[in-house]
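Student: just a sequence and a predicted model for now, questions to come.
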Amino acid sequence: MSSSIANETVGSASVREGRTLWEMLTNTYVLYFVSLAGFFLLWDRVAYLHVFGDSLARPHVVAQKLYMLSQVKFAGTNLAGHIWVSTQRVLIGFGLASVIAVPLGLFMSLNQYANAIVKPIFDLFKPMPPIAWVSISILWFGIGEFSKVFIIAIGTFVPCLLNAYNGIRLIEPELYDVVRVLGGSRKDEIIQVSFPASFPAIFAGLQISLSVAWTCLLAAELMNARDGMGFLIKRGMDTHDPALVLGGMVLIAAMAWLSSLLISLLERKACPWKRSIENL
Amino acid sequence: MGYEEVRVDRPLLLRLLPFISVGTFLLLWEWSVRSGMVPEVLLAPPSQVFSLFFEKLSEPNPDGAVLAVHAWTSLQEAFLGYGLSLLVGIPLGLAMGWFRIVEGIARPIFELIRPIPPIAWIPLTVFWFGIGLTGKVFIIWIAGIVPCVINAYVGVRMTQPTLIQMARTYGATDWQIFCQLCVPSALPMIFGALQIALAYCWTNLVGAELLAADTGLGYLITMGGRLGRPDIVVLGMVCVGLSGAILGFIIDIIEKRLLAGIRR
């Protein structure tokens, strides 16, 4: 019966019938469980049967590796240390970029002269993938901390600015009309309408730049680093240790997921009026 | 149309400012290197990059290939990966949006893989496929598939429930509603995905080539960095940016043609 969203949309009106076996089997949570179990089993079998030679570690080996790393020091620090170093880089780069980019984007959309000056230069830099900056940042800043922060800042700058800019430009004009009808000045328009109405777009930009930030961090750390999660992956690659590579991937995915969760929580606090489309 | 186009003359200054700002930027860049404020080992002036561009068209040294070969390698990888990700991602996303069972099976795995930055796959792909074309196509595929799935999924999900109910009232089957209602109404979202996926693919192409490659634009950048030749690095960056912008522009035109009737 209910095999599509069409039935879900009218579901509230229909009378619930007794549960059949098929319905129980296709319950969403049952399906989730089946899919995850299938995924891990498949992974385990593929690794066990050496489909990729010895280049894939079984899931429990990866878990063991991570546990071991959290106990002993590896390249000078333990697992928490590596995670913290990487997180710090992302926080600094991301913080710097968003603090500059968001106000600049807002200002550009409010002042057409600023827009005419900054936009063309920004458009020159926009299509360049942030990872392309890795080489030049090493040339400029060496292999120290700053070159990594620089790449992250460059990568996160673009989506932050773009979303803040578009956030204001795409506000419905009716909202401004309301303020004008009520006798508001230009200042009222900006404070009462522009800023709050651009919040959702700004947060969407932060969300995108956060995922870009993790990608950039990884690129920077893969190229040169002595600590951090990217270093773990790189070390796993150099010593042909798939468990270490997979462990690093799991860690970075977990951190990326956690940070994006944090932003969505913030967003819900900052703009509770935002209509929630059931999003991925 | 019943509308008459209103033409607002923008002030002369406003029309000139973009050119002035870009000109000033390039001049400042050129001057800062020429005058020695920025050492030449760190940055190449735009004029040098420009002349290197013509030189690299026929000169394979010092990185082993002429510019066209690099660009062709990168384009090949990008298009293969991009095409595959569209081919798999969009139908998967559409199906996930409409069929509960597909969503239940595919979504948890998708959510597991999604937060992993595509570059993190590089070591595994090098283990599995070597540093050839396959590995890079795999990374680009992984990068491109995420926005395709998400946008197709959201596109189907945002179909107006009223329309679905109406179709149902007229006796349409699930499959008919999916094909004739949900897929068309998801089209604008899907075209949005084309642009996003292209940007992702392009970014990760560079990432893949930075680490494991012997030709390609990303490789050109890495080699420039290793050789300490900022002009090569900047040339590579400009080429990557330019070709990405051109591709995005082409997709934009196709989108406008195909979706001429749909207002967004």
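Tutor: Received the coordinates, thanks. All values derive from a computational prediction rather than experimental measurement.

Student: residue contacts, residue B:45?
Tutor: By C-beta atoms under 8 Å, 6 or more residues apart in numbering or on different chains, the contact list for residue B:45 reads B:29-30, B:33-34. To be clear about C-beta, it is placed using only N, CA and C from the backbone, and glycine gets the same treatment.

Student: quick one: which two of those are the most distant?
Tutor: Within those, B:29 and B:34 form the most distant pair, 9.7 Å apart (C-beta to C-beta).

Student: those two: who's more crowded?
Tutor: Neighbours were counted for residue B:29 and for residue B:34 using other C-beta atoms under 10 Å in any protein chain shown; residue B:29 has more, 18 against 13.

Student: the closest residue to chain B within the stretch 1-150 of chain A is in what secondary structure piece?
Tutor: The stretch 1-150 of chain A approaches chain B most closely through residue A:31 (2.5 Å), counting by C-beta to the nearest C-beta. Applying DSSP states H and E as the criterion places residue A:31 in helix A:28-48.

Student: helices or strands next to that helix in the packing?
Tutor: Helices and strands touching helix A:28-48, by 3 or more C-beta pairs under 8 Å, 6 or more residues apart in numbering or on different chains; DSSP states H and E, are helix A:59-71, helix B:100-113.

Student: what packs against the helix or strand following the shortest one?
Tutor: Downstream of helix A:59-71, the first helix or strand assigned by DSSP H and E is helix A:79-110. For helix A:79-110, the packing partners by 3+ C-beta pairs under 8 Å, 6+ apart come out as helix A:59-71, helix A:112-125, helix A:145-169, helix A:195-223, helix A:229-238, helix A:242-270.

Student: and helix A:79-110, what's buried?
Tutor: For helix A:79-110, a neighbour-count test (16 or more other C-beta atoms under 10 Å in any protein chain shown) marks A:79, A:81-83, A:85-87, A:89-90, A:92-94, A:96-98, A:101-102, A:104-106, A:108-110 as buried.

Student: and the angle from that helix to helix A:195-223?
Tutor: Helix A:79-110 and helix A:195-223 are oriented at 140 degrees to each other (axes from the mean of the first three to the mean of the last three C-alpha atoms, to 10 degrees).

Student: what's the offset of helix A:79-110 from the middle of its chain?
Tutor: Taking C-alpha atoms, centre = their mean, to the nearest Å, one finds the center of helix A:79-110 at 12 Å from the center of the full chain.

Student: show me chain B divided up by domain.
Tutor: With automatic domain parsing as the criterion, the domains of chain B are listed as B:1-38, B:41-263.

Student: the last one - what's its average pLDDT?
Tutor: What it means is domain B:41-263. For domain B:41-263, mean pLDDT rounds to 85.

Student: roughly how far does residue B:84 sit from residue B:251?
Tutor: Distance check for residue B:84 against residue B:251: by C-beta to C-beta, to the nearest Å, it reads 17 Å.

Student: same thing with residue B:213?
Tutor: Distance, residue B:213 to residue B:251, by C-beta to C-beta: 25 Å.

Student: so between these two, which is more surrounded?
Tutor: residue B:213 (25 against 15).

Student: excluding its backbone neighbours, what's nearest that one?
Tutor: Using C-beta to C-beta, 6 or more residues apart in numbering or on different chains and skipping residues adjacent in sequence, the residue nearest residue B:213 is residue B:219, 4.2 Å away.

Student: where's the one you found, which helix or strand?
Tutor: Using DSSP H and E, residue B:219 sits within helix B:217-227.

Student: what are the buried residues along that helix?
Tutor: B:217-225.

Student: buried ones in the next helix or strand after it, by neighbour count?
Tutor: For helix B:217-227, the succeeding helix or strand toward the C-terminus, using DSSP H and E, is helix B:230-258. Neighbour counts over helix B:230-258 (16+ other C-beta under 10 Å) mark B:230-241, B:243-245, B:247-248, B:255 as buried.

Student: stretch A:34-44 too?
Tutor: Under the neighbour-count criterion of 16+ other C-beta under 10 Å, stretch A:34-44 has A:35, A:39, A:43 buried.

Student: same deal with stretch A:259-266?
Tutor: Buried residues in stretch A:259-266, counted by 16+ other C-beta under 10 Å: A:259-260.

Student: again, but for stretch A:48-63
Tutor: For stretch A:48-63, the neighbour count (16+ other C-beta under 10 Å) marks A:55-59, A:61-62 as buried.

Student: got CSV for those residues, with distance to residue A:132 too?
Tutor: Output for those, formatted as CSV (distance: C-beta to C-beta, whole Å):
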residue, distance to residue A:132
A:55, 29
A:56, 31
A:57, 32
A:58, 36
A:59, 35
A:61, 36
A:62, 32
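
Student: filter the residues you listed by proximity to chain B?
Tutor: By C-beta under 8 Å from any C-beta of the partner chain, the members of these lying near chain B are A:55-56.

Student: residues in contact with residue 57?
Tutor: By default, I'm working from chain A. With contact set as C-beta under 8 Å, 6+ apart, residue A:57 has these partners: A:47, A:65, A:242-243, A:246.

Student: that's the wrong chain, I wanted chain B
Tutor: Contacts of residue B:57 by C-beta under 8 Å, 6+ apart are B:66-68.
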